[in-house]
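Peer 1: Take this sequence and fold it.
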Amino acid sequence: MNILVTGANGQLGREMRIVAENSNDNYIFTDIVEIDGLSTVNLDITDIDAIRTIVKDCAINCIINCAAFTNVDAAENNETLAEVLNSEAPKNLAIVMKEVCGLLLHISTDYVFGGNTYNIPCQEDQKGTPTGVYGFSKLRGEENIISIGCNHVIIRTAWLYSEFGKNFVKTMLNLTATKSQLKVVFDQVGTPTYAYDLAVVVRVIIEDYKNSANSWGKGGIYHFSNEGVCSWFDFAKMIVEYAGNTVCDIQPTHSYEFPSPVKRPAFSVLDKTKIKETFDIKIPYWTASLKRCMLNMGVIK
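Peer 2: Residues are numbered from 1 along each chain as shown. Got it, this is the predicted structure:
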């Protein structure tokens, strides 16, 4: 099977590279940003003709779309760019995959929720209520894919981190190494997601699709994060505990002490029942995955 990965030099894309090492499939990794040492094909997914060309030339059967405008705050001042990358580009990918009867596996976000007050985990069929440009653009991306009608799987995830790129784990490690005290919000609750675990699940879904071929009927929207629930404060405390940092005093604080142009979801726990039952997977608990990531980073000896 020929699989094209977009955004291959981002957090999830880098983990897909690792997962692909043990695969018999042929992966083509694309991005508009190059990183030394990583084989990368330049592909602008806002250009539908460019997508058509590479899909035809490489006989692509599946696209994994890891590309997106993910800077939530910056999206407020870059609405056009966020809309193009998060809404129009997925539509382009869906159109081309429909033309070749392929599968589009698209990564979305918990930010499609947040406008209403939730106190139970969000389900796949729950109405999207985004609060900012990023969330709205990602929701429209989902809607565009569904409206095109290609074979698709949309995975909403949350609080993504990995050994690669910029993320909360790396930020906390850097800040707590230089500060004696740090305030972290406790009134935003969700679940961290190790990007490697998400990449593994993407691979499971693709294998299931390959084995079913024409009879496959498992497309749709799914939720994935690690198991468990915590606040950003809890997340930070566990990071420094695993790092063995006993110097920095982390204190809980309210969100209003860190003004933001976007109202973030106060409760964005995702219900993962559907993906676990459909693909018969077990999801690691968030602290176990955090520890594995920090071991891979060399933070834990």
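Peer 1: Excluding covalently adjacent residues, which one is nearest to V240?
Peer 2: T176 (5.1 Å; C-beta to C-beta, 6 or more residues apart in numbering). Bear in mind the C-beta positions are built from the backbone N, C-alpha and C, glycine included.
Peer 1: check contacts around the closest residue to G132 other than its chain neighbours.
Peer 2: Spatial nearest neighbour of G132, chain neighbours left out: V262 (3.7 Å); criterion: C-beta to C-beta, 6+ apart. Contacts for V262 (C-beta atoms under 8 Å, 6 or more residues apart in numbering) come out as 72-73, 75-76, 131-135.
Peer 1: mind checking the SS state of I155?
Peer 2: strand (DSSP: H, G, I helix; E, B strand; the rest coil).
Peer 1: picking that back up, could you turn the buried ones of the contacts of V262 into a ChimeraX selection?
Peer 2: A single ChimeraX command suffices to select whichever of these are buried according to 16 or more other C-beta atoms under 10 Å:
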select :72,75,131,132,133,134,135
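Peer 1: Can you pull the phi and psi angles for Q251?
Peer 2: phi -120, psi 140 (degrees, to the nearest 10).
Peer 1: Who are the packing partners of the lengthiest helix in the chain?
Peer 2: Determined from DSSP state H, the single longest helix within the chain is helix 195-212. Applying 3 or more C-beta pairs under 8 Å, 6 or more residues apart in numbering; DSSP states H and E, we find helix 195-212 packed against helix 11-20, strand 62-65, strand 103-109, strand 151-157, strand 160-161, helix 273-279, helix 286-297.
Peer 1: Just want the angle from the helix or strand just after the shortest one to helix 286-297.
Peer 2: Pointing back at strand 160-161 there. Using DSSP states H and E, the helix or strand that follows strand 160-161 in sequence is helix 168-176. Interaxial angle, helix 168-176 versus helix 286-297 (axes from the mean of the first three to the mean of the last three C-alpha atoms, to 10 degrees): 70 degrees.
Peer 1: other SSEs contacting helix 168-176?
Peer 2: Under the contact rule (3+ C-beta pairs under 8 Å, 6+ apart), helix 168-176 is packed against strand 160-161, strand 181-185, helix 232-243, helix 286-297.
Peer 1: Give me the buried positions along that helix.
Peer 2: Those would be 168-170, 172-173, 176, for helix 168-176 by 16+ other C-beta under 10 Å.
Peer 1: Would you mind finding the most buried of the helices and strands packed on helix 168-176?
Peer 2: strand 160-161 (a mean of 24; mean count of other C-beta atoms under 10 Å).
Peer 1: Tell me which strands that one pairs with, and in which orientation.
Peer 2: Strand 160-161 sits in its sheet next to strand 193-194 (parallel), going by DSSP bridges.
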